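Trainee: Pasting the sequence and the predicted model now:
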Amino acid sequence: MTTSSRQRGTAPPGRPSALPSPDPTVTVAPTAPRRTAFAEGFDRLRHAAGTEPGRLRLIGALLAALVVAFGAVTAWQMTDRATAADDVLNRSQPLSAGAAEIYRSLADANTAAASGFLAGGQEPAAARARYERDLETAATKLVTAAAAADPGSPAAATIAKLNRLLPQYEGLITRARANNRLGYPVGGAYLRAANAMMQDRMLPAAQDLYTKENQRLRADYGDATPYPWLALALGVAALAALAWAQRRHYRRTNRVLNRGLVAATAASAAVLLWTAVGHTVARAGLDSSYEHGIRSLSVLHDARIASLNARGNENLTLVSRGAETRTLADGDVVDLYDYDFGREMKALAAGLAHAGTLADDGAGREPVEAATGNMKVWRQRHAVAREADDGGDYQGALDKVIGGAGDESTGECFDGVDKNLGRAVDHEESEFHRAAADGRDALGGLPAGAAVLAVLGAAGAVLGIGRRLSEYR
């Protein structure tokens, strides 16, 4: 390499030339930050909105979205309410009635067992058949309730408890019958033990199941009856937006009608009106089914339970023969079962009086009045039976309770009360089914109809705006 080449700064062969030093006096402009897609899209939208065609496209998209949202929310809320109304009619009320029937069957079986025991070693075939029929009914209803209960729920635990106790109760009754047939006094102890299991464990569990099913029924009513405020609000907003769009169209073109927008308005108005009227009718039907069906059924079930408990205590008063007593707050010692009989009869009288006020037609009042008459005669005959028993005439008291030698018995009165209450329950259930079915049917087709009309309305809005856009091409 020559001296001259080094002095001229020429790089030797095979080596890169040195980079020139940056000039400190030169200022470099900063690089602009990259814009987001959202910002770019917003700018394009703002630019498009600056022209009439762009504004029309934006209006059409917003109208279509609002109408579709209205239809979707309406379909969703009406589907929920229609499902809840169907559950009231076909699931929760039948399960509530089934729970009440479980209680009634268990209590009636207990009463039938005591009546058969009082008849002596030769138990009447009718009492035995009634006992077995009641237990079979209770077992069948428990299977139905178990199938409908959620696994691990409190209701499922209650049903499992009743299924465990039922065979144990049957075993005690079988021992009571066997000893009674042989004339052994221990049969009465077995019967009282069976009654204690029924009163202290089984019937409270059945009552708990009935309470839980009623809670489920009230929850379904709560889901079916609230107004669909969100859907109604969206419907009003959609109609207001469509009205504004048509007014704008008229002011800019001096044309009174835009067929697409008119069709969209008609479809939206139809959905809004259908929703408001349909739900109002459905709510009225469901409210009627509760006021004139469920409330009466609840009172009638309680009255029927009170009559069953009263009859069971009346029988056990004779079975125990004073072996079970209770000391009252004032120090008086009374027969336990006769004291409970009096309490249950007071509950029965109060229940019948309440049921009479809730009955809203002659067909509902007539069986309640008949049951009230049976109850009054029952009280009179019971007083005669107690007087005979307290006077030492046990056989006379027994004949007055279970019947014999042509005497009119309290059992006849009890059967009359139970039969007439059953008639009243059947009538109120028919009233419930009629009103609840009307309420449910008022929502029929509304979810699907709302969705279809909303799609048609959105299409009309798009076509109406598209017709206006074609004028700019």
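Mentor: Arrived safely, thanks for sending. Note that this is a predicted model, so its numbers are computed, not measured.

Trainee: how distant is the helix or strand hosting residue 455 from the center of its chain?
Mentor: If you go by DSSP states H and E, residue 455 is part of helix 446-469. Offset of helix 446-469 from its chain centre (CA atoms, centre = their mean, to the nearest Å): 36 Å.

Trainee: same check, this time on stretch 58-70
Mentor: With CA atoms, centre = their mean as the basis, stretch 58-70 stands 37 Å off its chain's centre.

Trainee: Over to stretch 286-304?
Mentor: Counting by CA atoms, centre = their mean, stretch 286-304 comes out at 14 Å from the chain centroid.

Trainee: And for it, what's in contact with it?
Mentor: 85, 88, 93, 97, 100, 103-104, 210, 214, 217, 221, 224-225, 347-348, 351-352, 354-355, 358-360, 364, 368, 371, 418, 421-422, 424-425, 428-429, 431-436, 439-440 (CB atoms under 8 Å, 6 or more residues apart in numbering). In short, each C-beta sits where N, CA and C put it, glycine included.

Trainee: do the same with stretch 252-259
Mentor: 246, 249, 250, 460, 463, 464, 467, 468.

Trainee: one more time with 6 Å
Mentor: With contacts defined as CB atoms under 6 Å, 6 or more residues apart in numbering, stretch 252-259 is touched by 249, 464.

Trainee: again with stretch 117-130
Mentor: 112, 115, 116, 180, 181, 191, 315, 318, 402.

Trainee: Let's see that with 8 Å instead.
Mentor: Outside stretch 117-130, the residues within contact range by CB under 8 Å, 6+ apart are 108-109, 112-113, 115-116, 176-177, 180-183, 187-188, 191, 315, 318-319, 398, 401-402.

Trainee: buried subset of those residues?
Mentor: 108-109, 112-113, 115-116, 176-177, 180, 187-188, 191, 315, 318-319, 398, 401-402 (16 or more other CB atoms under 10 Å).

Trainee: one step back: among the contacts of stretch 286-304, which ones are in helices?
Mentor: 85, 93, 97, 100, 103-104, 210, 214, 217, 221, 224, 347-348, 351-352, 354-355, 358, 364, 368, 371, 418, 421-422, 424-425, 428-429, 431-436, 439-440 (DSSP state H).

Trainee: What subset of the contacts of stretch 286-304 is buried?
Mentor: 85, 88, 93, 97, 100, 103-104, 210, 214, 217, 221, 224-225, 347-348, 351-352, 354-355, 358-359, 364, 368, 371, 418, 421, 424-425, 428-429, 431-433, 435-436, 439-440.

Trainee: what angle do the helix or strand that residue 276 is a member of and helix 446-469 make?
Mentor: Per DSSP H and E, residue 276 falls inside helix 259-289. On the basis of axes from the mean of the first three to the mean of the last three CA atoms, to 10 degrees, helix 259-289 is oriented at 160 degrees to helix 446-469.

Trainee: If we go by neighbour counts, what in helix 259-289 is buried?
Mentor: In helix 259-289, counting by 16+ other CB under 10 Å, buried: 260-261, 263-265, 267-269, 271-272, 274-275, 278-279, 282-283, 285-286, 288-289.

Trainee: May I have stretch 109-119 as CSV, with CA atoms only?
Mentor: Taking C-alpha atoms only, stretch 109-119 is exported to CSV below (Å, rounded to 0.1, in the frame of the first residue of the first chain):
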residue,chain,number,x,y,z
ALA,A,109,-102.2,-45.2,56.8
ASN,A,110,-101.4,-44.5,60.5
THR,A,111,-105.1,-43.8,61.1
ALA,A,112,-106.2,-47.0,59.3
ALA,A,113,-103.7,-49.1,61.3
ALA,A,114,-105.0,-47.7,64.6
SER,A,115,-108.6,-48.3,63.5
GLY,A,116,-107.9,-51.9,62.6
PHE,A,117,-106.1,-52.4,65.9
LEU,A,118,-109.1,-51.2,67.8
ALA,A,119,-111.3,-53.7,66.0
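
Trainee: now it: how far from the chain's centre is it?
Mentor: Distance, centroid of stretch 109-119 to centroid of chain: 36 Å (CA atoms, centre = their mean).

Trainee: can you list the residues that contact the helix or strand residue 399 falls within?
Mentor: Residue 399 belongs to helix 394-402 when elements are defined using DSSP H and E. The contact list for helix 394-402 (CB under 8 Å, 6+ apart) reads 115, 118-119, 314-315, 318, 321, 381-382, 384-386, 388-389, 404-405, 407-411.

Trainee: helix, strand or coil for residue 392?
Mentor: Under the three-state scheme (DSSP: H, G, I helix; E, B strand; the rest coil), residue 392 adopts coil.

Trainee: What average pLDDT does stretch 180-195 get?
Mentor: In this model, stretch 180-195 carries a mean pLDDT of 86.

Trainee: Show me the contact partners of it.
Mentor: For stretch 180-195, the external contacting residues (CB under 8 Å, 6+ apart) are 110, 113-114, 117, 120-123, 169, 172-173, 175-179, 312, 316, 319-320, 323-324.

Trainee: what does stretch 358-376 give?
Mentor: So stretch 358-376 is in contact with 292, 295-296, 299-300, 303, 307, 345, 348-349, 352-353, 355-356, 413-414, 416-417, 420-421, 423-424, 427-428, 431, going by CB under 8 Å, 6+ apart.

Trainee: Let's see the ChimeraX selection covering just the buried ones among those residues.
Mentor: Per 16+ other CB under 10 Å, the buried members of these correspond to this ChimeraX selection:
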select :292,295,296,299,300,303,307,345,348,349,352,355,356,413,414,416,417,420,421,423,424,427,428,431
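
Trainee: who's in contact with residue 81?
Mentor: Counted by CB under 8 Å, 6+ apart, residue 81 has contacts 223, 224, 225, 226, 228, 279, 282, 443.

Trainee: 7 Å instead, please
Mentor: 224, 279, 443 (CB atoms under 7 Å, 6 or more residues apart in numbering).
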